[in-house]
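Asks: Take this sequence and fold it.
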Amino acid sequence: MSRALTYRDALYEALSEEMERDAGVVFIGEDVSRGGAFGVAGDLRQRFGEERVIQTPISENSFVGVAVGAAMTGLRPVVEIMFMDFITLAMDQLVNHAAKMHYMYAGQYRVPLVVRTPAGAGRGYGASHSQSLESWFLHVPGLKVVAPSAPGDAKALLKSAIRDDNPVLFVENKLLYPKQELIDDDAPPVPLGQARLRRSGDDLTLASYGRMLDLALEAADVLAAEAVSCEVIDLRTLKPLDVATLAESVARTGRLVFVEEGTGGVGAEVCAQVVERCPRLLRGRVVRVAARDVPIPSSAPLEQRVVPQVADILSGCLDSLRND
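Replies: All right, here's what the predicted structure looks like:
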């Protein structure tokens, strides 16, 4: 049976089903007793009680630290950080503790921790509430990074993240919460580290993740009307990265355009790895489409100038196509 679910409701169902499945799953964060900042927590506090859905003070370093300790001693905490910008306050706990404990103690400890966080611009929240900082975490050994673009993948990947014995950063773009699609009730969890082919094509590989994936698909539609066939790949997981799927596509199309909402760090890593795999198969310039190197403005027109739009993706594709 299939049902129409929003991205928000898909995340809620993943949390609810995993909490029912495993009594060790606990949910921690600010305002979770009132459903969370963007409503993902829903009625979890009422259903599972205050011992498993834990309301915290505004102290990200503290409650992420509590979650790291809880994970090391047998629980599976899911932490919600209200805005990704605030993850800076918990960098020490994530980078120097959660990601390293398994290695520092020779496998005697596991840290099955998920940190969920809304990211991205588009709502006029300004420079300190609109950033996409996932590229920072690609450089942390021991930490996985997930960024789904669709409700079905969001549910399936969150389930996999909760079941994983390693710390996982789970990035949710704010503008995706109302996005809706049909989801099969019996759909299995999606393994971390597998990209998804969203559209087949022969002339150019267009890769992205999160909200930018929808814009990439729009750009592919525009180019199709001009007889340019784009293959669109959704990374879904940024670390571990499915380089094999990307390289296979680029080996066929000879071109790669990568799109991200941040300032280019994810694209730098992705493009470098693909070029290393396909050094003699590229027929066009590898192009990165990313945000401008300025803080995110509050003004809607200025936000659109800073964050990539469909026109920017089309421009990047044309640049790659010109370089035969």
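Asks: What about Ser2, how many residues nearby?
Replies: Neighbour count of Ser2, defined by other CB atoms under 10 Å: 12. C-beta: built from backbone N, CA, C; applies to glycine.
Asks: mind checking how far the residue minimising distance to the centre of the chain is from Leu281?
Replies: In the chain, the centroid-proximal residue (CA atoms, centre = their mean) is Ala147; its distance is 1.3 Å. Distance of Ala147 to Leu281, given as CB to CB, to the nearest Å: 27 Å.
Asks: same thing with Glu50?
Replies: 57 Å.
Asks: who has more neighbours, the two?
Replies: Leu281 (15 against 11).
Asks: Mind telling me what element the nearest residue to the more buried one once chain neighbours are set aside is part of?
Replies: Of all residues not flanking Leu281 in the chain, Ala251 sits nearest, at 4.9 Å (CB to CB, 6 or more residues apart in numbering). Taking DSSP states H and E as the definition, one finds Ala251 inside helix 243-253.
Asks: Send me that helix as CSV with only the CA atoms.
Replies: Extracted in CSV, the C-alpha atoms of helix 243-253 (Å, rounded to 0.1, in the frame of the first residue of the first chain):
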residue,chain,number,x,y,z
VAL,A,243,31.8,7.6,-6.2
ALA,A,244,31.3,4.5,-8.3
THR,A,245,27.8,5.5,-9.5
LEU,A,246,29.0,9.0,-10.3
ALA,A,247,32.1,7.8,-12.2
GLU,A,248,30.0,5.3,-14.2
SER,A,249,27.7,8.1,-15.3
VAL,A,250,30.5,10.5,-16.1
ALA,A,251,32.4,7.9,-18.0
ARG,A,252,29.4,7.7,-20.3
THR,A,253,28.4,11.3,-20.6
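Asks: Please name every helix or strand in contact with that helix.
Replies: When contacts are defined as 3 or more CB pairs under 8 Å, 6 or more residues apart in numbering; DSSP states H and E, helix 243-253 sits against strand 204-208, strand 230-234, helix 265-277.
Asks: and Ile54, that's in a helix?
Replies: No: assessed with DSSP: H, G, I helix; E, B strand; the rest coil, Ile54 is strand; it does not lie in a helix.
Asks: Thr117 and Ala147, how far apart?
Replies: In terms of CB to CB, Thr117 sits 10 Å off from Ala147.
Asks: coming back round to it: unless I'm mixing things up, the residue nearest to the centre of the chain is touching Gly210, no?
Replies: Yes: contact criterion CB atoms under 8 Å: Ala147 and Gly210 qualify, at 4.6 Å.
Asks: For the protein, which segments count as helices?
Replies: 7-21, 44-48, 60-72, 91, 101-104, 134-137, 151-163, 212-224, 243-253, 265-277, 300-306, 310-322 (DSSP state H).
Asks: Out of the ones you listed, which one sits most buried?
Replies: helix 151-163 (a mean of 24; mean count of other CB atoms under 10 Å).
Asks: quick one: that helix to helix 212-224, angle?
Replies: Relative orientation of helix 151-163 and helix 212-224, computed by axes from the mean of the first three to the mean of the last three CA atoms, to 10 degrees: 150 degrees.
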